[in-house]
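# Sequence and predicted structure are below.
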Amino acid sequence: MSSTQRQTDRGSVTVWIMGLTVMIGMLGFLVLAIYVPFSARRGLAGAADQAAQAGATALDEDVFRSTGVLQLDPGLARERALQSIENQNLDIDIANSSVDATADEVTVVLEAQVNDSFISIFDQGDGPLIIRVTATGTPREDSP
């Protein structure tokens with residue numbers, strides 16, 4: 001190689017490494033921006049599922065003993081579902097929760113706001129990201 005060819009290539013590896021470092025940093029930022037809301041949703045969905053299952057264990061014993069029909073006691077089912085939500089150590093603050101119980105099913109709805117997400121950089125003034133999950137539990141005769 002001649003000395004003129006070496007001088008024209010000088011520093012190209014440095015520029016390439018710097019560009020690669022910026023690209024990896026941007027990729028890491030994007031992964032983190034997506035991870036926070038998905039992680040919050042997964043935790044909220046698990047909490048709602050667990051609360052609905054807890055509510056679905058509140059069978060009306062009098063009806064079952066007299067008729068053999070599996071049916072929920074709506075008041076007890078609602079109480080168990082709310083207690084389950086309260087007893088869970090969630091990393092996210094629940095902004096709104098509702099539990100609707102009938103003789104056939106328990107429906108739990110949880111809402112939370114994700115304010116500290118990097119994804120809010122792409123927000124166009126719509127406000128905080130709101131996550132809403134719904135879970136329904138029913139009594140079953142068969143074991144899974």
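Received, thanks.
# what residue ranges in this structure score low on pLDDT?
Residue ranges of the chain with pLDDT under 70: 1-9, 116-127, 142-144.
# now the helix or strand that contains G28, how far from the chain's geometric center?
Assigning secondary structure by DSSP states H and E places G28 in helix 12-55. The chain centroid and the centroid of helix 12-55 are separated by 13 Å under Cα atoms, centre = their mean, to the nearest Å.
# next structured bit after it?
Following helix 12-55 toward the C-terminus (DSSP H and E): helix 61-67.
# How about the contacts made by V114?
V36, P37, A40, I92, P128, L129, I130, I131 (Cβ atoms under 8 Å, 6 or more residues apart in numbering). (C-beta placed from N, C-alpha, C; glycine too.)
# Next, give me the two most distant ones among those residues.
Within the contacts of V114, V36 and I130 form the most distant pair, 13.9 Å apart (Cβ to Cβ).
# Settle it for me: which of those two has more neighbours?
Each of V36 and I130 has its neighbours counted (other Cβ atoms under 10 Å); V36 has more, 17 against 12.
# Let me know the secondary structure of I131.
Applying DSSP: H, G, I helix; E, B strand; the rest coil to I131 yields a three-state assignment of strand.
# What is the helix holding G28 packed up against?
helix 74-87, strand 94-101, strand 106-114, strand 129-137 (3 or more Cβ pairs under 8 Å, 6 or more residues apart in numbering; DSSP states H and E).
# Please identify the most buried of these.
Stretch with highest mean neighbour count among the helices and strands packed on helix 12-55: strand 106-114 (a mean of 21; mean count of other Cβ atoms under 10 Å).
# Sheet partners, orientation included, of that strand?
Strand 106-114 pairs in its sheet with strand 94-101 (antiparallel), strand 129-137 (antiparallel), by DSSP bridges.
# Rebuild these as TSV, extending it with distance to R80.
Supplementary listing: the strands paired with strand 106-114 in TSV, determined by distance: least, Cβ to Cβ, whole Å:
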stretch	distance to R80
strand 94-101	9
strand 129-137	10
